[in-house]
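A.B. asks: coordinates for the following, if possible.
(4 chains)
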Number of protein chains: 2
Amino acid sequence: MKEMNKTNQQILHYTGNFLQCRGYNGFSYSDISRKLGIKNAAIHHYYPQKEDLVATFLEVSRHKFAANIAQVAESGGSAREQLQYYFDYALKEFDEGKSICPPGSVMLDFEELPEKVKKQHLLLLDEILTWLSRVLKTGLEQGELNFSDPVDVRADAIFETLLGARQLSSIKGRKTLVRSISLIKSDLGWRD
Amino acid sequence: MKEMNKTNQQILHYTGNFLQCRGYNGFSYSDISRKLGIKNAAIHHYYPQKEDLVATFLEVSRHKFAANIAQVAESGGSAREQLQYYFDYALKEFDEGKSICPPGSVMLDFEELPEKVKKQHLLLLDEILTWLSRVLKTGLEQGELNFSDPVDVRADAIFETLLGARQLSSIKGRKTLVRSISLIKSDLGWRD
DNA sequence: CCTTTTTTACTTACTAGTAAGTAAGTGTGC
DNA sequence: GCACACTTACTTACTAGTAAGTAAAAAAGG
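C.D. replies: Residues are numbered from 1 along each chain as shown, chains lettered A, B, ... in the order given. Now for the predicted structure:
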């Protein structure tokens, strides 16, 4: 991977900002270059094609997710604490104006996406859903959670609800997202 | 409103097909005109600007929704039957390749949308959420459903989960959507 | 330490393609 | 003859992507 100097980092930063608001076809190299005060072509220096840019963004997102999750888990976080971290992360991103999660940002365009973007998207999606299932399983075993459906179905449902909730909340406001997260917990048998 | 001849109806039909897959900026007048075997400019004859086209599509969607719902309600449909109609509709649209519902299709682009599109979107969204709340309330009162949260929060959650579930299912397949609908029901205390 | 070479990080200037939108013209049926 | 349903032909604006060039920093060599 290319060296991560400041410009490169900023490119990826704004890629996230735009991608997680407007999707793959919703932003251009010019949107990013204007933000950085550089020229369009400068981004091609780092990422020859748009697919390179977005694939790298998704890959970096996956590595960050894995690292963050690993840290929470290693520091002895319970299932509830790990889930709470995930919910807080969604809220934090929402507060930054990002109304879609990284995997969600390219989900609708999936079919017509270049192969390398598809690949990174599927890796990221799988990383998240697999982790969610694992945490839910632990939560059940430890008695921290209580529900009667298969963990992987419940994992999908949490992901879906957050995905939809962030989108609806971008119109109805933060309170809607907060309430939806409460409802997810409540449906997990998570009663304080 | 312009007369609804065949071409006009087909334009709106394909607008739905594209919009509910790829969103506001994900399709062009050419996409539609190619499907109909007419020229780009012919669509401008019916809808001078894209905002006219999409606003009309949303308005028609709302009228159709209201009519369908009214029909089910008038024919003595219970709360469960009315909800089931809604779920079936989501499944039917999913089977047609539409991975977003009509209000969801412009949700992400909302902020930068022309005013008349915003307006129609909000009207449609409100129509659906208000109806959902009303049905949930009835379902509780009649003992057909059982849950402990405010009906409007639960209505948002159902909408959000379907919104997200259709998107995730466009990648993971129909079974994912079917299972998510089952989970929604189960969380409503809907046990057969 | 100083010079030469190479690399990095861009800019300028361009191409080809596609988007929305417009104006003027054509054919057809009442 | 005139309104309707288009087509032809166009403009303006923006997109991804490329080719060639440049200034400065880093690396290499003596």
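A.B. asks: tell me which parts of chain A are close to DNA strand C?
C.D. replies: A:3, A:5, A:7, A:33, A:37-42, A:45 (Cβ under 7 Å from any atom of the strand). Just so you know, the C-beta spots here come from the backbone N, C-alpha and C atoms, and that holds for glycine as well.
A.B. asks: neighbour-wise, which one of those residues leads?
C.D. replies: Tallying neighbours with other Cβ atoms under 10 Å in any protein chain shown puts A:S33 at the head of the residues of chain A next to DNA strand C, with 18 neighbours.
A.B. asks: quick revisit: near DNA strand D, from the residues of chain A next to DNA strand C?
C.D. replies: A:40-41.
A.B. asks: quick check, nearest of the residues of chain A next to DNA strand C to DNA strand D?
C.D. replies: Proximity of the residues of chain A next to DNA strand C to DNA strand D (Cβ to the nearest atom of the strand) peaks at A:A41, which lies at 3.5 Å.
A.B. asks: let me know the pLDDT of that closest one.
C.D. replies: Looking at A:A41, its pLDDT stands at 91.
A.B. asks: assign a three-state SS to it, would you?
C.D. replies: Following DSSP: H, G, I helix; E, B strand; the rest coil, A:A41 is assigned to helix.
A.B. asks: so it versus A:T138, what's the distance?
C.D. replies: 49 Å (Cβ to Cβ, to the nearest Å).
A.B. asks: if we can go back for a sec, which of the residues of chain A next to DNA strand C sits closest to B:G164?
C.D. replies: The shortest approach to B:G164 among these belongs to A:S33, at 32.5 Å (Cβ to Cβ).
A.B. asks: once you drop chain neighbours, what's closest to that closest one?
C.D. replies: A:N40 (4.9 Å; Cβ to Cβ, 6 or more residues apart in numbering or on different chains).
A.B. asks: who's in contact with the one you found?
C.D. replies: Each residue near A:N40 by Cβ atoms under 8 Å, 6 or more residues apart in numbering or on different chains is listed here: A:29-30, A:33.
A.B. asks: for chain A, what spans make up the helices?
C.D. replies: In chain A, the segments counted as helices under DSSP state H are A:6-22, A:29-36, A:40-46, A:50-74, A:79-95, A:102-105, A:115-141, A:151-172, A:174-187.
A.B. asks: near DNA strand D at all, the fourth one?
C.D. replies: Yes. Counting by Cβ under 7 Å from any atom of the strand, DNA strand D is contacted by helix A:50-74 at A:50-51.
A.B. asks: contacts for that helix?
C.D. replies: Residues contacting helix A:50-74 (Cβ under 8 Å, 6+ apart): A:1, A:11-12, A:15-16, A:19, A:24, A:29, A:43, A:46-47, A:81-82, A:85, A:89, A:102-103, A:106, A:113-114, A:116-117, A:119-121, A:123-124, A:127-128, A:131.
A.B. asks: what are the buried residues along it?
C.D. replies: A:50-62, A:65, A:69, A:72-73 (16 or more other Cβ atoms under 10 Å in any protein chain shown).
A.B. asks: pLDDT (mean, whole number) over that helix?
C.D. replies: Helix A:50-74 shows a mean pLDDT of 95.
A.B. asks: I'd like the distance from that helix to the chain centre, please.
C.D. replies: Distance, stretch centre to chain centre, for helix A:50-74: 9 Å (Cα atoms, centre = their mean, to the nearest Å).
A.B. asks: can you tell me which residues in chain A are near DNA strand D?
C.D. replies: Residues of chain A lying close to DNA strand D by Cβ under 7 Å from any atom of the strand are A:27-31, A:40-41, A:44, A:48-51.
A.B. asks: nearest to A:K185, of those?
C.D. replies: A:F27 (33.6 Å).
A.B. asks: how many other residues sit next to the closest residue to A:L129 other than its chain neighbours?
C.D. replies: Closest residue to A:L129 apart from its sequence neighbours, by Cβ to Cβ, 6+ apart: A:A155 at 5.4 Å. Using other Cβ under 10 Å, A:A155 has 21 other residues around it.
A.B. asks: the one 10 residues further on too?
C.D. replies: As a burial measure, the neighbour count of A:A165 was computed by other Cβ under 10 Å and equals 28.
A.B. asks: who's in contact with it?
C.D. replies: Listed by Cβ under 8 Å, 6+ apart, the contact set of A:A165 reads A:176-177, A:180-181, B:156-157, B:160, B:164.
A.B. asks: which one of those sits closest to DNA strand D?
C.D. replies: Set against DNA strand D, the nearest of the contacts of A:A165 by Cβ to the nearest atom of the strand is B:G164 (26.3 Å).
A.B. asks: that closest one touches A:I158, doesn't it?
C.D. replies: No. Applying Cβ atoms under 8 Å as the test, B:G164 and A:I158 come out as separate, 9.5 Å apart.
A.B. asks: looking at these two, which is more packed in?
C.D. replies: When neighbours are counted by other Cβ under 10 Å, B:G164 comes out ahead of the other of B:G164 and A:I158, with 28 against 25.
A.B. asks: quick one: low-confidence residue ranges for chain A.
C.D. replies: Applying pLDDT under 70 to chain A flags the ranges A:1-3.
A.B. asks: and it, which residues reach chain B?
C.D. replies: A:21-23, A:25-26, A:99-100, A:104, A:107-110, A:122, A:125, A:148-149, A:153-154, A:156-157, A:159-165, A:167-168, A:170-172, A:176, A:179-180, A:183, A:186-187 (Cβ under 8 Å from any Cβ of the partner chain).
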